[in-house]
Every structure is written in structure tokens, then in C-alpha cells.
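A.B. asks: this one's structure only:
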């Protein structure tokens, strides 16, 4: 139950709102509204190499820490472990670099968040598997195995 709650809070609330804000408010300010290859390239690079490691991924670990009632520091340690030992960013990029390349070049602006939500469904399956891997020695890592706790 807790694992599902953490992903609903993260995916349904945080990512949905943050996605809208980044793509519809911040990106036009940073990159303009012109749709061309150069603008799309900059949006994809910014989102994958700045927003993801600093803004998209850490909150998932912080929300999970709150839901499972362990220190936020441990959530961030798990994030660092997943980056260093479980190739989190490489896996993220394997999904999101191509998806965002399509999103920023082909998908109309008003459908971008819906398109990204569709891709997110599959990403969350991969991310959930990675973030609950047993290769982590932190106390918080064992919490995923007990989904029956309320």
C-alpha cells in the first residue's frame, strides 16, 4: 500500500503539476515558443541533464521517505546509491531522451503533458523496480518488501 501511495503522490500530483509548470511556463521563458530543431534540442538537454537529476528524481525518493517514515537524508542516500550503483540516470535517459525528442518536435504543445504521462506509465514500472532493488544496504531499502503495512 505504501509503495503505491508513494508513486501516486509522486506521479499523480508532483510530476503532473511540475510537468505543466516546466513545459508550459518555464520552457517558453527559457527557450522561447519557436518550434525548431535547436529549441527542441535545448529543451531535451535541459530536461534530461538539469531538471531530471536535480528536480524530477530526488522528490520521488523524498516522498517515499515521508510515506515510509524514514529520514529524508536516507531517501537522498538511496537516490545517490541508485545513481552510482544501479545506473538510474542511464536508465532514465534511455527512456526520456527519445520520448522527449518526440515530445518536443512532433507532439503539439497542448498534448505534451498527456504524451509524457503515457510514457511515464512505463517509466514508473522500470523506476519502481529499480528503486526497490535489494542491492542497497540502507535501512530504507528494505521497506519496499513490506507492502502490506498501512
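C.D. replies: Good, I have the coordinates. Being a predicted model, the structure only gives us computed values, none of them experimental.
A.B. asks: Now do the same contact list for residue 56.
C.D. replies: Applying Cβ atoms under 8 Å, 6 or more residues apart in numbering, one finds that residue 56 lies in contact with 15, 18. Where you see a C-beta, it was placed from the backbone N, CA and C, and this is true even at glycine.
A.B. asks: Please renumber the chain so that the first residue is 666 from this point on.
C.D. replies: Yep, numbering from 666; the last one is residue 721 now.
A.B. asks: And it, how far from residue 768?
C.D. replies: 14 Å (Cβ to Cβ, to the nearest Å).
A.B. asks: ok, then the element right after the helix or strand of the chain with the lowest mean pLDDT?
C.D. replies: Sorting the helices and strands of the chain by mean pLDDT, DSSP states H and E puts helix 667-672 at the bottom, at a mean of 70. As assigned by DSSP states H and E, the chain's next helix or strand after helix 667-672 is helix 681-686.
A.B. asks: Please name every helix or strand in contact with that following helix.
C.D. replies: Judged by 3 or more Cβ pairs under 8 Å, 6 or more residues apart in numbering; DSSP states H and E, the packing partners of helix 681-686 are helix 777-796.
A.B. asks: List the buried residues in the strand or helix carrying residue 741.
C.D. replies: Per DSSP H and E: residue 741 is located in helix 737-750. For helix 737-750, the neighbour count (16 or more other Cβ atoms under 10 Å) marks 739, 740, 742, 743, 744, 746, 747 as buried.
A.B. asks: And stretch 685-699, by the same measure?
C.D. replies: Quick answer for stretch 685-699 (16+ other Cβ under 10 Å): 687, 688, 692, 696.
A.B. asks: Kindly report the same for stretch 762-770.
C.D. replies: 764, 765, 768, 769.
A.B. asks: pretty sure the first one is touching residue 784, no?
C.D. replies: Yes: counting by Cβ atoms under 8 Å, residue 764 touches residue 784, with 4.4 Å between them.
A.B. asks: Kind regards, and thank you for your time.
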